[in-house]
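Peer 1: Any chance you could fold what I've pasted below:
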Amino acid sequence: MKIAMFCPNWVGDLVMATPALRAVRNRYPRAEIIGIMRPYLSDVLDGTGLIDRELFYDPRGANPAQRGWSLSRQLRYEDIDLALLFTNSFRTAMIAWAGRIERRVGFARDARRWLLTDALKPKSRRTPHPVIDEYWRLAEYVGAKSTSGTAQRRQMELATSSEDELRFQRILARIGSPEETRGLVCLNSGGAFGAAKHWPTSSFAELGRLIADKFHKQVVVLCGPAEQAQAREIVRLAGHPHVVSLAGESPSLRLTKAAIRQADLLVTTDSGPRHFAAPFNVPVVTIFGPTHIAWSETFYPKAVHLQLHVDCGPCQKRVCPLGHHRCMQELGVDRVFSAVTRQLHETARRSVA
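Peer 2: Have a look, this model is predicted:
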């Protein structure tokens with residue numbers, strides 16, 4: 001049997017889909033599972049064993065073999081029995097249909113019901129609800145079961161390689177001061193969704209300086225290839241020897257996973273790497289701006305959510321339509337540092353209990 005998983009297009013959404021992916025893997029242990037995903041997601045599931053191999057879909061990419069009709073032709077050659085569409089677009093349903101996949105399961109959104117053999121009724125987009133539970137609905141529909149209740153349905157998983165962990169340790173030994181500090185805190189300031197998710201660079205810098213001063217932690221600013229300038233600016237503004245960044249270290253999702261796995265705490269915007277904390281049992285403080293918390297809620301017990309309630313939000317916009325960006329600009333460093341303090345104290349309490 002061959003199963004095609006049309007994976008979500010965002011890093012965080014793919015992590016939230018891992019409980020469903022695991023459930024399908026357990027339900028069909030002898031099946032070959034193919035992950036169909038955007039190329040930039042290839043490192044996310046490394047080492048988990050959730051899929052056997054990947055096929056890349058990049059509709060606007062330079063490689064014509066990764067575009068829609070080429071992918072459909074490849075799927076016809078693969079002779080796939082079942083497709084599970086975690087994506088909601090008409091386009092991906094068309095690819096599965098044109099790929100002559102015998103059974104195509106997904107939510108009836110975007111006028112694509114006729115392209116699916118099994119069209120599930122989606123929840124209303126007017127009422128925010130956890131995406132992680134919707135992903136589980138798809139897995140459950142094709143026979144996946146939970147053996148330990150709700151907790152299993154929301155237990156995300158990731159993996160790191162020993163090579164990536166060693167690489168991060170070597171980088172930290174070179175750019176940081178692990179012998180002079182007591183533990184590690186990671187800051188993630190990115191947000192591919194749009195500028196509206198960004199907390200001010202100066203605020204991240206002040207927070208990093210406070211954490212380094214008050215808790216004697218090594219603070220590492222994480223970044224992707226497109227976020228290196230911002231990471232460098234945070235370090236410059238912090239002006240503290242124990243606040244460093246991964247800019248210039250060939251940053252990648254694999255390196256980010258390795259860093260977060262070794263951290264005592266992650267402080268992050270509502271972006272993909274936020275969801276790396278839970279699989280590695282790392283406490284996390286998430287700073288929310290324009291997005292409704294309920295959409296990406298995973299019910300992780302070591303998570304603290306911070307959001308400034310403003311009359312115009314949460315607006316779900318990529319860029320503040322009013323130009324003031326109050327939801328992030330007015331969320332003070334003192335409030336975030338207070339949450340950091342609570343999380344670090346709770347971690348210390350658990351370690352001696």
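
Peer 1: which of the residues in stretch 211-222 are buried?
Peer 2: 211, 212, 215, 217, 218, 219, 220, 221, 222 (16 or more other C-beta atoms under 10 Å). For every residue, glycine as well, the C-beta is placed using N, CA and C.

Peer 1: Please list the residues outside it that contact it.
Peer 2: For stretch 211-222, contacts defined as C-beta atoms under 8 Å, 6 or more residues apart in numbering pick out 172, 176-178, 180-190, 204, 208, 231, 234-235, 238, 240, 242-247, 251, 256, 259-260, 263-264, 273, 337, 340-341, 344.

Peer 1: just the buried members of those residues?
Peer 2: Here, 16+ other C-beta under 10 Å leaves 172, 176, 181, 183-190, 204, 208, 231, 234-235, 238, 240, 242-247, 251, 256, 259-260, 263-264, 273, 337, 340, 344 buried among those.

Peer 1: if we can go back for a sec, next, format the buried residues of stretch 211-222 as a markdown table and append pLDDT.
Peer 2: As requested, the buried residues of stretch 211-222 are exported to a markdown table (pLDDT from 0 to 100):
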| residue | pLDDT |
| --- | --- |
| 211 | 98 |
| 212 | 98 |
| 215 | 97 |
| 217 | 98 |
| 218 | 98 |
| 219 | 98 |
| 220 | 98 |
| 221 | 98 |
| 222 | 98 |
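
Peer 1: Out of the residues you listed, flag the one nearest to residue 7.
Peer 2: residue 222 (22.5 Å; C-beta to C-beta).

Peer 1: What is the helix or strand that residue 135 is a member of packed up against?
Peer 2: Using DSSP states H and E, the element containing residue 135 is helix 131-141. Under the contact criterion of 3 or more C-beta pairs under 8 Å, 6 or more residues apart in numbering; DSSP states H and E, helix 131-141 touches helix 11-16, helix 18-27, strand 82-85, strand 103-107, strand 118-120, helix 150-153.

Peer 1: who wins for proximity to residue 297 among these?
Peer 2: Nearest of the helices and strands packed on helix 131-141 (C-beta to C-beta): helix 11-16, 9.6 Å.

Peer 1: Please compute how far that closest one lies from its chain's middle.
Peer 2: 4 Å (C-alpha atoms, centre = their mean, to the nearest Å).

Peer 1: Touching, residue 210 and residue 338? I think so.
Peer 2: No - counting by C-beta atoms under 8 Å, residue 210 sits too far from residue 338 to count as a contact (10.5 Å).

Peer 1: what about these two, which has more around it?
Peer 2: Neighbour count, other C-beta atoms under 10 Å: between residue 210 and residue 338, residue 210 has more, with 19 against 14.

Peer 1: okay, residue 64: pLDDT?
Peer 2: In this model, residue 64 is scored at 88, pLDDT.

Peer 1: Outline the domain layout of this protein.
Peer 2: Recorded structural domains for the chain (assignment: automatic domain parsing) are 2-153, 162-352.

Peer 1: what about the last one, start to end distance?
Peer 2: Yep, that's domain 162-352 we're talking about. Using C-alpha to C-alpha, to the nearest Å, the end-to-end distance of domain 162-352 comes to 28 Å.

Peer 1: returning to that earlier point: make TSV out of the helices and strands packed on helix 131-141 and add mean neighbour count, distance to residue 142 and mean pLDDT.
Peer 2: Output for the helices and strands packed on helix 131-141, formatted as TSV (neighbours: other C-beta atoms under 10 Å; distance: least, C-beta to C-beta, whole Å; pLDDT from 0 to 100):
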stretch	mean neighbour count	distance to residue 142	mean pLDDT
helix 11-16	24	18	98
helix 18-27	21	7	97
strand 82-85	27	6	98
strand 103-107	22	6	98
strand 118-120	17	8	97
helix 150-153	14	15	80
